[in-house]
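Colleague: the sequence and its predicted three-dimensional model are supplied below.
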Amino acid sequence: MKTKLLSLAAIVLFAVMVSAQDAKPTLKQEVKQDAKAVGTTVKKGAEWTGKTVKKGAKATKKGIKKGAKWTDKTAKKGGKAVKEGYEDTKDYVKKETK
């Protein structure tokens, strides 16, 4: 009876030890999983950065175009104002010097 009980206890102990080893991943497996997760995160971050840079470049290009148009319009308006001021001054000087 003692031998049967001892054999049964040994088998149960062996089964518990085997199941405990399966449940706990090894350090190597954990490192491998962590490295894979880091690699995936870095890849996603790089893709996001690439998309954001493209959007920023498009926005900058549009902003430069709009700024150039605005500058052109403003310069033309300023040129007209200077020309009108010059003509007015010229007429005024003619009237005053007569």
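Modeller: Sure, I can see it.

Colleague: where exactly do the helices run in the protein?
Modeller: Under the criterion DSSP state H, helices of the chain are mapped to 2-23, 27-97.

Colleague: what's the least confident stretch among those helices?
Modeller: Among these, helix 2-23 has the lowest mean pLDDT, at a mean of 73.

Colleague: just to revisit the earlier point, please tabulate the helices of the chain in CSV, including the columns mean neighbour count.
Modeller: Bear in mind the C-beta positions are built from the backbone N, C-alpha and C, glycine included. Below are the helices of the chain laid out as CSV (neighbours: other Cβ atoms under 10 Å):
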stretch, mean neighbour count
helix 2-23, 9
helix 27-97, 10
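
Colleague: from the chain's centre, how far out does stretch 60-78 sit?
Modeller: Between the mean C-alpha location of stretch 60-78 and the chain-wide mean there is a distance of 29 Å, by Cα atoms, centre = their mean, to the nearest Å.

Colleague: same check, this time on stretch 1-14
Modeller: 62 Å.

Colleague: begin at 267, not 1, for the rest of this chat.
Modeller: Shifting the count to begin at 267 puts that one at stretch 267-280.

Colleague: and the contacts of it?
Modeller: Around stretch 267-280, nothing counts as a contact under Cβ atoms under 8 Å, 6 or more residues apart in numbering.

Colleague: just the CA coordinates of that stretch, formatted as PDB?
Modeller: Extracted in PDB, the C-alpha atoms of stretch 267-280 (Å, rounded to 0.1, in the frame of the first residue of the first chain):
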ATOM      1  CA  MET A 267       0.000   0.000   0.000                       C
ATOM      2  CA  LYS A 268       2.800   2.400   0.900                       C
ATOM      3  CA  THR A 269       4.500   1.800  -2.500                       C
ATOM      4  CA  LYS A 270       1.300   2.400  -4.400                       C
ATOM      5  CA  LEU A 271       0.600   5.600  -2.400                       C
ATOM      6  CA  LEU A 272       4.200   6.700  -2.900                       C
ATOM      7  CA  SER A 273       4.000   5.900  -6.700                       C
ATOM      8  CA  LEU A 274       0.800   7.800  -7.000                       C
ATOM      9  CA  ALA A 275       2.300  10.800  -5.200                       C
ATOM     10  CA  ALA A 276       5.300  10.700  -7.400                       C
ATOM     11  CA  ILE A 277       3.100  10.600 -10.600                       C
ATOM     12  CA  VAL A 278       1.000  13.500  -9.300                       C
ATOM     13  CA  LEU A 279       4.100  15.500  -8.400                       C
ATOM     14  CA  PHE A 280       5.600  14.800 -11.800                       C
END
